[in-house]
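just coords:
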């Protein structure tokens with residue numbers, strides 16, 4: 001028996017009115033902005049049905065609170081309203097301060113989200129801040145790599161001045177003595193190298209993809225500052241951002257990458273063809289290679305495998321994708337790396353790419 005009721009007793013409807021949530025979506029949005037602890041998607045969800053005026057008011061509050069997470073979320077709903085608020089000295093100062101405190105991702109994300117609607121003066125300011133963020137991060141990443149000239153292990157010969165002490169200690173611990181054959185020398189390895197970086201700009205170019213495309217290019221430029229390289233992007237067609245032999249300021253290349261929009265289909269074969277054309281310009285002796293960054297889901301042009309085989313070395317970094325298409329893309333990436341006699345690597349996050357690139361450059 002239910003407490004308070006007897007069997008057969010009819011339950012009378014209550015005259016008490018239903019409780020109604022007194023807070024609107026706008027009120028909840030303002031509350032979240034003032035708290036400042038939510039990720040961007042929460043603000044996007046709360047603002048999804050609000051009009052221009054409401055989102056503009058919310059953006060004004062977010063700017064006043066210094067809540068960049070809210071600004072990012074609101075920008076995905078109505079970038080025009082947010083851009084109208086963010087085209088001001090206070091917004092530029094806020095982003096600059098965050099950058100100086102080590103937040104290198106926000107300047108790039110905000111620029112990509114708002115670049116189409118910011119007033120010209122502030123578009124240039126935010127682009128400059130985004131570029132500084134990329135360069136600052138690339139120097140930090142590249143600075144973590146091995147220092148000094150590259151060396152290779154060789155059998156000992158008279159005149160060698162350096163030895164691989166770790167290898168010799170291992171031999172001693174294993175055999176309890178060292179023979180002549182256990183002495184391993186180290187000699188400088190030539191750093192002459194020429195490379196082509198090829199990145200996929202097809203489909204939706206998210207803030208994260210653009211940031212890491214720019215960052216990878218900056219890392220390449222830093223590590224090959226005394227050598228020659230080319231940078232190629234591709235969508236429906238390939239486009240060259242820097243050619244072999246071209247003296248082009250890296251900051252200009254980064255600016256061009258930051259302004260890339262979504263570019264249709266994925267034509268890997270055209271990109272590899274352009275990459276081979278750039279490598280053919282090299283006349284000096286040295287190690288030449290290509291690095292292809294893609295999800296492998298090509299849908300335009302011919303099978304790129306034959307072109308991959310023409311590279312002296314082609315490394316492939318497989319980027320995140322979803323579903324059955326991802327499985328097909330991974331197979332394609334692995335196939336291209338095998339044909340190109342290079343390394344095949346898979347990343348779960350785009351942020352892993354720049355450091356992988358450093359490893360490839362030093363291998």
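Structure's in. What do you need? Since the structure is predicted, the reported quantities are computational estimates derived from the model, not experimental observations.

Is residue 281 in contact with residue 240, as I believe?
No. The pair residue 281 / residue 240 is not scored as a contact, 11.5 Å apart, by C-beta atoms under 8 Å. Just so you know, the C-beta spots here come from the backbone N, C-alpha and C atoms, and that holds for glycine as well.

Can you list the helices and strands that the longest helix seen in the chain packs against?
In the chain, assigned by DSSP state H, the helix with the most residues is helix 120-142. Counting contacts by 3 or more C-beta pairs under 8 Å, 6 or more residues apart in numbering; DSSP states H and E, helix 120-142 packs against helix 89-100, helix 105-114, helix 207-223, helix 250-258, helix 353-362.

So if I had to pick from residue 281 and residue 240, which one is more boxed in?
Between residue 281 and residue 240, residue 240 has the larger neighbour count (other C-beta atoms under 10 Å), namely 18 against 13.

any weak-confidence spans in this protein?
1-22, 143-154, 156-182, 184-192, 204-205, 262-263, 284-286, 322-325, 362-363 (pLDDT under 70).

What ranges does it have for its strands?
Remark: strands assigned in the chain by DSSP state E are 151-155, 184-188, 193-200, 228-234, 238-242, 287-294, 314-318, 341-346.

Kindly reformat these as JSON lines containing distance to residue 107.
Converted to JSON lines, the strands of the chain look like this (distance: least, C-beta to C-beta, whole Å):
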{"stretch": "strand 151-155", "distance to residue 107": "38"}
{"stretch": "strand 184-188", "distance to residue 107": "40"}
{"stretch": "strand 193-200", "distance to residue 107": "20"}
{"stretch": "strand 228-234", "distance to residue 107": "21"}
{"stretch": "strand 238-242", "distance to residue 107": "21"}
{"stretch": "strand 287-294", "distance to residue 107": "22"}
{"stretch": "strand 314-318", "distance to residue 107": "25"}
{"stretch": "strand 341-346", "distance to residue 107": "28"}
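
Tell me which of those sits nearest to residue 121.
With C-beta to C-beta, the closest approach to residue 121 among these belongs to strand 238-242: 25.6 Å.

Name every strand pairing with the closest one and say which way it goes.
Sheet partners assigned to strand 238-242 using DSSP bridges are listed as strand 228-234 (antiparallel).

and the strand it pairs with with helix 250-258, angle?
10 degrees (axes from the mean of the first three to the mean of the last three C-alpha atoms, to 10 degrees).

so how far is strand 228-234 from its chain's centroid?
Chain-centre distance of strand 228-234: 16 Å, with C-alpha atoms, centre = their mean, to the nearest Å.

repeat for stretch 306-316
With C-alpha atoms, centre = their mean, you get 23 Å for stretch 306-316.

ok, now stretch 125-139?
Using C-alpha atoms, centre = their mean, the offset of stretch 125-139 from its chain centre is 13 Å.

Tell me who's in contact with the residue nearest to residue 72 when sequence neighbours are not counted.
Setting aside the residues directly before and after it, residue 72 is nearest to residue 40 in space (C-beta to C-beta, 6 or more residues apart in numbering), at 4.1 Å. Residue 40 is in contact with 69, 70, 72, 73, 76, counting by C-beta atoms under 8 Å, 6 or more residues apart in numbering.

Centre-most residue in the chain?
residue 212 (2.0 Å; C-alpha atoms, centre = their mean).

Would you confirm that it contacts residue 350?
Yes. Here residue 212 reaches residue 350: they are 4.3 Å apart, a contact under C-beta under 8 Å.

burial measure for the closest residue to residue 218 other than its chain neighbours, as a count.
Of all residues not flanking residue 218 in the chain, residue 138 sits nearest, at 3.5 Å (C-beta to C-beta, 6+ apart). Residues near residue 138, counting by other C-beta under 10 Å, number 25.

give me every residue that touches residue 138.
215, 218, 219, 221, 222, 354.

give me that answer again for 10 Å
104, 214-223, 250, 254, 354, 358 (C-beta atoms under 10 Å, 6 or more residues apart in numbering).

biggest separation within those residues, which pair?
104 and 223, at 18.7 Å, using C-beta to C-beta across the contacts of residue 138.

follow-up on the earlier one: quick one, which of the strands of the chain is nearest to residue 92?
Taking the strands of the chain one by one with C-beta to C-beta, strand 238-242 is closest: 26.8 Å.

Between helix 207-223 and that closest one, find me the angle.
Using the same axes, to 10 degrees, strand 238-242 lies at 50 degrees relative to helix 207-223.

Quick one: residues in contact with strand 238-242.
196-199, 201, 213, 217, 220-221, 228-234, 246, 248-250, 252-254, 256-257, 260, 263, 267-275, 277-278, 301.

Go ahead and build a PyMOL selection from the buried members of these.
Per 16 or more other C-beta atoms under 10 Å, the buried members of those correspond to this PyMOL selection:
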select buried, resi 196+197+198+199+201+213+217+220+221+228+229+230+231+232+233+234+250+253+254+256+257+260+263+267+268+269+270+271+272+273+274+275+277+278+301
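
If you rank the contacts of residue 40 by neighbours, which is first?
residue 70 (31 neighbours).
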